[in-house]
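> here is my input, please return the structure:
(2 chains)
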Protein chains: 2
Amino acid sequence: MTSAKDARPLPELCAEELDSLATSLREAHAAQAAKDVTLDVTRGKPSAAQLDLADEMLSLPRSTRDRSGTDVRNYGGLNGLAELRQIFAELLGVDVDQLIAGGNSSLTMMRDVLVDLLLFGAIDSPRPWSQEEKITFICPVPGYDRHFGLLEDLGIEMVTVPMTPDGPDVDEVARIAASDPSVKGMWIVPTYANPTGATCTQEVASRLAAMETAAPDFKILWDNAYAIHHLTPDETKSADILSLASSAGNPHRAVMFASTSKVTWAGAGVAFLASSPQQVKWYLAHLGKGSIGPDKVNQLRHVEFFGDADGVRAHMDKHRKILAPKFAEVDRVLAERLGGREVATWNAPTGGYFVNLDVLPGTASRVVALAKEAGLSLTPAGASFPYGTDPDDTNIRLAPTMPPMEELTEAMETVATCVLLAATEKLTARD
Amino acid sequence: MTSAKDARPLPELCAEELDSLATSLREAHAAQAAKDVTLDVTRGKPSAAQLDLADEMLSLPRSTRDRSGTDVRNYGGLNGLAELRQIFAELLGVDVDQLIAGGNSSLTMMRDVLVDLLLFGAIDSPRPWSQEEKITFICPVPGYDRHFGLLEDLGIEMVTVPMTPDGPDVDEVARIAASDPSVKGMWIVPTYANPTGATCTQEVASRLAAMETAAPDFKILWDNAYAIHHLTPDETKSADILSLASSAGNPHRAVMFASTSKVTWAGAGVAFLASSPQQVKWYLAHLGKGSIGPDKVNQLRHVEFFGDADGVRAHMDKHRKILAPKFAEVDRVLAERLGGREVATWNAPTGGYFVNLDVLPGTASRVVALAKEAGLSLTPAGASFPYGTDPDDTNIRLAPTMPPMEELTEAMETVATCVLLAATEKLTARD
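Below is the predicted model:
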C-alpha cells in the first residue's frame, strides 16, 4: 500500500498515475471484502471494556434508603435523588436546585422538553409552539443526527449554521435568531461536539446567552453529553451557560442536558436536566403528569458507586486510558494513509466520542458504499446534517470507541482505502 | 365507642340521639388528634415488607448478556428484552410480538401514547388529534386520578360513565361513543379497578371491542395495572381485549398497559405496552426518536429474579399473604363501626390496591377534612373523578397497602369516626 511518506496530492496525479493507484486500491478493497469480516464504527457506543469499569454496580445498591431516609424502591421523588444531583451539580457547574436527575436517557428528556414546548409553550411563550404557523431551529452542522431526527419527527423546521473550532458560527446564529420570530431555538453540543470535537468558547457562549432574539422564548438546548469525557489530561471546562443566560437577562433561555450513559452504562445510566428554577418547575409539572418518579434504585446505585464527584472524575480517567489510544490509532492510520494526499481532513479531538472526517466533496456517499462492500459499517453519509443531507457530500462521522483495537485498525485502514479509491474515481471522472 | 352490634341507622335517630352520638364521636376524634400521630392511606403504594420481597434484585443481574448474547449494558433494544416479554406475554395473555417492555412507569407509556395521538394521530386517524376541534375521552367513575390528570393536562375533555360491578356501564359507553366523533377513546382499569375493585366481564369487554364508534380511531386505553394482583386464591382472569378487538374487526382499538411496579419495586420496575403489531410499530417509531432503548440491565434483573411466569405467580402469592390480612382488617373495622348505620357502603375487593368507600352524599369532603385534623391523610375527596369533582361528594378511596397493620387499624378506626361524625353533622343540619 502507498503510505503518506511517498504520498503526493491526488489532485496533482495524472490520469495514468490515478489509474495505477486505483488498481492497487481496488485490490486492497477486494482483499478486505474477501476476508468477510464485519466491522462497525457507526455509533458512539462505549466498548465492553468501558462498560466493565462499572460492573461493581451489578451488586449495588447495598442500601434501599437515600440520605433523607426515603425508601428508594417505592414511588416518588420526581426530581431525583438529592445526593446524586449534588455530585453532578458539581461536575456540571450548576446549582443543585436547578438540576433534575431522571431516567436512563437524556434524549428522552430532550423530546419531553420539545413536546412540552409544542403542547404548552414555555413559561416565556406567548402561546403553545404548536399554535405557531412555523417553528424553526438553528442546527449547527455537522451535528448530532438524533437531534435533527427529533425535530423532523415533531415537524420543526431546521436551518443550518456552520460549526467552527469555537462552537457554532455565532454571527450567523445571532443574525438568524434576530431576524425571524419563527426561530425558537437551537441545538448545541457545547463540549467536544458530536462530531467535530469543537468546544464552545466562553465568548461564543456569552453571545448566545445575551444575543437579541426575535422570539421572546428562544431556547438553547445545551446538550452537554461529553462534559467530562476528556481524552487528554488537559480538561476542557464547559461554559457556564445557565449563569451567562441569567446574568444577560435571559434566565430561561438555556436547558442543559447530560447523562452517565458514557460514564457507567449506556443503556442503564442516569440522565440530567438543568435550567432556571422556574423552567425546571415547568418541566417537572408536565413530567409529573406522566411519571411516578425516576428509578431511584438506579440513582442510589450510582451514588454508592461514585461516592462523590471525585469518584466520577477518577472513573472518567479509566475511560480515558481506554479511549485515548483508540483515538490516537485513528489519527495514526489516517495520517499514514491520507496525509499529504489532499483528499481528506480530519480532527484529533481532545474529548468526546467522534472523529470528524471530511473527504473530497461529492465522495462521502461513495466512501460509505465502498466501505459497506468491504464489510465496514460507517454512519450513513449526511447523517450529521438535517434530513440526512450533506449538501457537499463530504462529511463522515467515525465512532472509534466500540471496536477492540485490532478491529479499529483494520476499520481505519479500510476507511483510508475507500476514501482514496472514491477520490481516484472522482478525479478520474473529472477528466 | 358504639359498635355495629348495637348500631341503629343514623337516619333513624332523633336529634337528641344524634347529639349524644356526635359528642362521643367528637371525643374520639379529639383523642385521636391529641395522639399527634401521622397516618396515611392516600396512595396505592406497596409497603416496605412487600418491597423487601424483591430484595434479591439488589445483587442482580449476575450476567450482563441477554439470551441472544446482547450486552444489556449498552444502548439499543427499543422493544425490550425478549425473555422478559415472553414471561409477561404469558401472564398478560398476549402475543410476545405485540408486547413492549419499557422503563419504570406504565403511566409514562400512557402519556407517550396520548402525546403521539395528539401530535401525529394513530395509524387509523384521519389527522393528528391536535388538529381536531375537540377531543373527548370516556372516563368510568370513580376511576384513577392520574388518568384524569393526564387528560386534563393535555386539554382532552372528559365525559363520565358509571362503573358497575361488571366494568364500565357499557350501554352508556356505547351510546356516547356512537353519537359523537369527538369521542376518541376511553380509560379502563379492567381488572380489580382503581378504586372500585370491579373486573370487566368478558361480555362487557366484547361489547367495548366491537361497538360502533363515531370516531374511526377510537382507542381503549386498557390499563391492566392489577392483572395479577389477586387477593384471594380465586384468580380473576382478565378479558383478552386485544383478541376481542381484533376479531371484531377493530385490531387497533385497544392499547394495553401493565407493569411490575406492584410486583417488584414501585419505582424501579418494568412497564409494558401491548397492542396490534402495527400499532406497536407506530408506538416504537415515535418512541425511537427520543429513546436509546429501555434499561435492559433492570429488565435482565427482573428475568433472573423471576425465572419464568410461574416465578412471578409465586411472587404474587407472597404479596397476597401480606395484603389479604390488611384488606380483611379494613373490612372488619368498617363493618364493626359502620355496619347497620346506613351512612356508608364499601367493597371487599378480591384484588387490586383499593377499597372504595361511599359515605353519606355531601359528606366526603368533610370526612377528609376531619381525618386531616386527626392526623390521617386520605386521598382528597373527588380525586377519583375528572377535575377532582365528585358531583355527589360521596366517594373516598382508601389505600390500605402501605401502613403496617397496627397503623392501618388505627387509620380505619379514625375513618369510621370521621364518617359517622360527618354524617351526624349532616343529619343534624337537615333538621
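> OK, contacts around residue A:87?
Contact analysis of residue A:87 by Cβ atoms under 8 Å, 6 or more residues apart in numbering or on different chains lists A:303, A:306, A:308, A:309, A:311, A:312. (Each C-beta comes from the backbone N, C-alpha and C, glycine too.)
> try 7 Å
By Cβ atoms under 7 Å, 6 or more residues apart in numbering or on different chains, the contact set of residue A:87 is A:306, A:308, A:309, A:312.
> roughly how far apart are it and residue A:66?
Noted for residue A:87: a distance of 13 Å to residue A:66, by Cβ to Cβ, to the nearest Å.
> again, but for residue A:364
49 Å.
> what comes up buried for the lengthiest helix in chain A?
In chain A, assigned by DSSP state H, the helix with the most residues is helix A:309-338. By neighbour count with 16 or more other Cβ atoms under 10 Å in any protein chain shown, helix A:309-338 contains the buried residues A:309, A:312, A:315-316, A:319-320, A:322-323, A:326-327, A:329-331, A:333-334, A:336-338.
> kindly report the same for stretch A:216-227.
Residues of stretch A:216-227 classed as buried: A:217, A:218, A:219, A:220, A:221, A:222, A:223, A:224, A:225, A:226, A:227 (neighbour count, 16+ other Cβ under 10 Å).
> got it, and stretch A:9-16?
Residues of stretch A:9-16 classed as buried under the neighbour-count rule (16+ other Cβ under 10 Å) are A:10, A:13.
> gap between that stretch and the chain center?
On the basis of Cα atoms, centre = their mean, to the nearest Å, stretch A:9-16 is displaced by 36 Å from the centre of the chain it belongs to.
> identify the residues contacting it?
Outside stretch A:9-16, the residues that reach it (Cβ under 7 Å, 6+ apart) are A:21, A:340, A:341, A:342, A:343, A:423, A:424, A:427, A:428, A:431.
> for the first one, which non-adjacent residue is closest in space?
Yep, that's residue A:21 we're talking about. Residue nearest to residue A:21 in three dimensions, not counting chain neighbours: residue A:424, with 5.6 Å by Cβ to Cβ, 6 or more residues apart in numbering or on different chains.
> identify the residues contacting that neighbour.
A:10, A:18, A:21, A:22, A:25 are the contacts of residue A:424 under Cβ under 7 Å, 6+ apart.
> backbone dihedrals for the third one, please?
When read as degrees, to the nearest 10, the backbone of residue A:21 gives phi -60, psi -40.
> how many residues are close by it?
Here the neighbour count serves as a burial measure; for residue A:21 (other Cβ atoms under 10 Å in any protein chain shown) it reads 21.
> and the one 4 residues further on, by the same measure?
By the measure other Cβ under 10 Å, the count of residues near residue A:25 is 23.
> so which helix or strand takes in it?
Secondary-structure assignment from DSSP states H and E places residue A:25 in helix A:15-35.
> for that helix, buried residues please.
Counting neighbours by 16+ other Cβ under 10 Å, the buried set in helix A:15-35 is A:18, A:21, A:22, A:25, A:28, A:29, A:32, A:33.
> quick one: which two of these are the most distant?
The two members of the buried residues of helix A:15-35 with the most space between them (Cβ to Cβ) are A:18 and A:33, at 21.5 Å.
> can I assume residue A:298 sits in a helix?
Yes: inclusion of residue A:298 in a helix is indicated when DSSP: H, G, I helix; E, B strand; the rest coil is applied.
> what's near enough to touch it?
Residue A:298 makes contact with A:268, A:270, B:268, B:295, B:298, according to Cβ under 7 Å, 6+ apart.
> so the residue nearest the centre of chain A: helix, strand or coil?
Centrality entry for chain A: nearest residue to the mean C-alpha point is residue A:194, 3.4 Å, by Cα atoms, centre = their mean. Residue A:194 carries the three-state label coil when classified by three-state DSSP.
> for it, what are its contacts?
Applying Cβ under 7 Å, 6+ apart to residue A:194 gives the contacts A:44, A:143, A:144, A:225, A:352, A:353, A:354.
> if I follow the layout properly, residue A:95 ends up in contact with residue A:85?
No: with contacts counted by Cβ atoms under 7 Å, residue A:95 stays clear of residue A:85, the gap being 9.8 Å.
> more crowded one of the two?
Residue environment comparison for residue A:95 versus residue A:85 gives the larger neighbour count to residue A:85, 25 against 13, counting by other Cβ under 10 Å.
> can you list the buried residues in the helix or strand the more buried one falls within?
Taking DSSP H and E as the definition, residue A:85 sits inside helix A:82-92. Applying a neighbour-count criterion of 16+ other Cβ under 10 Å, the buried positions in helix A:82-92 are A:82, A:83, A:84, A:85, A:86, A:87, A:88, A:89, A:91, A:92.
> pLDDT (mean, whole number) over it?
When pLDDT is averaged along helix A:82-92, the result is 98.
> can you map out the helices along the stretch 251-400 of chain A?
Using DSSP state H, counting those that start in this stretch, the helices of the stretch 251-400 of chain A run over residues A:277-287, A:296-306, A:309-338, A:364-373.
> including mean pLDDT, could these go into JSON lines?
Shown next, in JSON lines, are the helices of the stretch 251-400 of chain A (pLDDT from 0 to 100):
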{"stretch": "helix A:277-287", "mean pLDDT": "98"}
{"stretch": "helix A:296-306", "mean pLDDT": "98"}
{"stretch": "helix A:309-338", "mean pLDDT": "98"}
{"stretch": "helix A:364-373", "mean pLDDT": "98"}
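> how about CSV for those, with distance to residue A:183 added?
Output for those, formatted as CSV (distance: least, Cβ to Cβ, whole Å):
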stretch, distance to residue A:183
helix A:277-287, 19
helix A:296-306, 36
helix A:309-338, 35
helix A:364-373, 28
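> going by distance to chain B, which of the buried residues of helix A:82-92 wins?
The closest of the buried residues of helix A:82-92 to chain B turns out to be residue A:84 (Cβ to the nearest Cβ; 13.9 Å).
> surely that closest one touches residue A:101?
Yes: because the distance of 5.1 Å satisfies Cβ under 7 Å, residue A:84 is recorded as touching residue A:101.
> which of the buried residues of stretch A:216-227 sit farthest apart?
Looking across the buried residues of stretch A:216-227, with Cβ to Cβ as the criterion, the two at the greatest separation are A:217 and A:226, at 27.3 Å.
> the longest strand along chain A pairs with which strands, and in what direction?
The residue-count maximum for a strand in chain A (DSSP state E) belongs to strand A:157-164. Sheet pairing for strand A:157-164, assigned by DSSP bridges, gives strand A:136-141 (parallel), strand A:167-168 (antiparallel).
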